[in-house]
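# Pasting the sequence and the predicted coordinates here, then a few questions.
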Amino acid sequence: MWGVFPLYFRMLAHVSPWVILGHRILWSAVFLGVVISIRREWPLVWPVVRQPRNMLLLAAGGVLIAINWLVFVYVVVTGHVLESSLGYFINPLFSVALGMIFLRERLRPWQWVAVVIAGVAVANLTFRGERIPWIALSLAVSFGLYGLVRKKVNIHSLHGLLVETVVLLPVALIGLLSLPLNQPTPGTLGLLAFLGVITATPLLFFGAAVRRLPLSTMGFLQYIGPTLQFLVAILVFREPLDHTKLVSFGLCWAGIAVYVADSLRTSHRPTGDGSTGVKSAGRLSALGEQRKHSRPFDSSLFAFW
């Protein structure tokens with residue numbers, strides 16, 4: 001779903017990205033509130049939001065995800081989905097670097113190689129491209145920092161997104177009142193109202209998947225989204241793929257291949273109880289999303305946001 005969302009947002013290309021962002025925040029808050037009410041999970045939300053530190057972190061997360069949403073919408077309506085895809089390919093490796101810098105995590109030698117290759121991909125676009133790849137960098141940085149902030153709050157992803165959208169809601173409403181739609185059609189209004197559903201539904205599926213699948217499997221699946229975006233940009237939107245972009249994508253794919261291969265090699269090593277790392281990862285994922293914060297910072301959990 002995340003991979004084909006550019007097709008949906010392209011149908012709103014005649015609407016200002018700021019208006020789309022405002023509607024996405026508004027209808028996401030409404031839809032998430034309805035879902036949590038149906039699931040009767042409000043008692044799980046209140047203890048978290050009563051703590052000022054949690055609210056501060058969730059507010060920061062809300063600002064970061066809003067930046068990410070705005071840049072993504074701008075990318076789609078202006079025809080730069082290829083650069084968006086590159087940003088989401090870079091994001092997992094950028095998240096690994098954040099874990100090293102801010103959480104004092106140690107990288108294995110081949111993980112260092114993967115991060116360096118991703119850095120070369122960005123440098124290639126910066127120095128050989130027509131301009132600095134600010135779109136790819138903005139998406140990767142905002143998404144990576146969002147994951148880092150959410151790492152600090154022990155809250156279910158669905159509940160956390162509700163709080164973040166509610167925090168942004170007053171600003172979104174002011175923006176919608178200041179930037180009204182010009183003669184909106186029923187079709188446009190319907191597409192805008194459905195933004196809440198398409199924002200929350202993949203997260204619901206992700207929450208179910210992360211409790212059922214080993215983390216190694218989730219690590220592979222995280223690259224489906226940007227791969228589909230790449231295909232949509234090339235085959236549907238007919239965006240030009242010049243030599244510089246192709247080299248950068250190739251470097252990104254090489255870095256991902258190195259990182260995934262190293263993760264698989266490490267996950268199959270015997271652990272202290274005689275089992276393999278993959279089995280241990282499976283048991284960890286079965287603990288549920290509520291306890292994911294007790295594990296080391298893992299970009300595969302955040303790339304789906």
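Yes, it's here.
# Could you list the low-pLDDT ranges of the stretch 201-305 of the chain?
Flagging of the stretch 201-305 of the chain using pLDDT under 70 yields the residue ranges 207, 210, 214-220, 267-305.
# Could I get the full set of strands for it?
Here the stretch 201-305 of the chain has no strands by DSSP state E, counting those that start in this stretch.
# Which positions in stretch 5-16 come out as buried?
Neighbour-count burial for stretch 5-16, with 16 or more other Cβ atoms under 10 Å as criterion, is recorded at 5, 6, 9, 12, 15, 16. For the C-beta atoms, the positions are set from N, CA and C on the backbone; glycine is no exception.
# ok now stretch 1-16, how far from the chain's centre?
16 Å (Cα atoms, centre = their mean, to the nearest Å).
# Equivalent analysis for stretch 86-102, please.
For stretch 86-102, the distance to the chain centre is 11 Å (Cα atoms, centre = their mean).
# Could you do stretch 85-94 as well?
Averaged C-alpha coordinates place stretch 85-94 at 10 Å from its chain's average position (Cα atoms, centre = their mean).
# ditto for stretch 228-244
On Cα atoms, centre = their mean, the centre of stretch 228-244 falls 20 Å from that of its chain.
# Name the residues of that stretch that are buried.
Within stretch 228-244, the residues scored as buried using 16+ other Cβ under 10 Å are 228, 229, 230, 232, 233, 239.
# can you map out the helices along the stretch 151-300 of the chain?
157-178, 186-193, 195-210, 215-221, 224-231, 243-267, 277-286, 299-302 (DSSP state H, counting those that start in this stretch).
# Oops, could you answer that again for the stretch 1-150 of the chain instead?
5-10, 17-38, 42-49, 52-78, 81-102, 109-128, 134-151.
# Present the ones you listed as TSV; the columns should include mean pLDDT.
Shown next, in TSV, are these (pLDDT from 0 to 100):
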stretch	mean pLDDT
helix 5-10	94
helix 17-38	94
helix 42-49	88
helix 52-78	92
helix 81-102	82
helix 109-128	83
helix 134-151	87
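# Which one, of those helices, ends up nearest to residue 251?
Closest of these to residue 251 is helix 109-128, at 3.7 Å (criterion: Cβ to Cβ).
# Now the closest one: buried residues?
Buried-residue list, helix 109-128, by 16+ other Cβ under 10 Å: 111-115, 117-122, 124-125.
# same question, stretch 254-271
In stretch 254-271, counting by 16+ other Cβ under 10 Å, buried: 254, 255, 256, 258, 259, 260, 262, 263, 267.
# Out of those, which comes closest to residue 171?
residue 256 (35.8 Å).
# Looks like the closest one contacts residue 114 (just checking).
Yes - taking Cβ atoms under 8 Å as the definition, residue 256 is a contact partner of residue 114 at 7.2 Å.
# what do those two both touch?
residue 93 (Cβ atoms under 8 Å, 6 or more residues apart in numbering).
# returning to what we had before: Throw the buried residues of stretch 254-271 into a markdown table and include distance to residue 222, thanks.
Listed next are the buried residues of stretch 254-271 as a markdown table, based on distance: Cβ to Cβ, whole Å:
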| residue | distance to residue 222 |
| --- | --- |
| 254 | 17 |
| 255 | 14 |
| 256 | 9 |
| 258 | 15 |
| 259 | 11 |
| 260 | 10 |
| 262 | 15 |
| 263 | 11 |
| 267 | 15 |
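# and the two most separated of the buried residues of stretch 5-16?
5 and 16, at 18.2 Å, using Cβ to Cβ across these.
# which one of the buried residues of stretch 228-244 sits closest to residue 150?
Among those, residue 229 lies closest to residue 150 (Cβ to Cβ), at 22.4 Å.
# residues touching that closest one, list them.
So residue 229 contacts 3, 6, 81, 84, 85, 88 (Cβ under 8 Å, 6+ apart).
# Also residue 18?
Here residue 18 is in contact with 70, 175, 179 (criterion: Cβ under 8 Å, 6+ apart).
# Next, count neighbours for residue 39.
Other residues lying near residue 39 total 11 when counted by other Cβ atoms under 10 Å.
# Tell me the spacing between it and residue 109.
Note on residue 39: its distance to residue 109, by Cβ to Cβ, to the nearest Å, is 44 Å.
# still on that earlier bit, any chance of the buried residues of helix 109-128 in a markdown table, with distance to residue 29 too?
Output for those, formatted as a markdown table (distance: Cβ to Cβ, whole Å):
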| residue | distance to residue 29 |
| --- | --- |
| 111 | 38 |
| 112 | 41 |
| 113 | 42 |
| 114 | 37 |
| 115 | 36 |
| 117 | 39 |
| 118 | 34 |
| 119 | 37 |
| 120 | 41 |
| 121 | 36 |
| 122 | 34 |
| 124 | 40 |
| 125 | 36 |
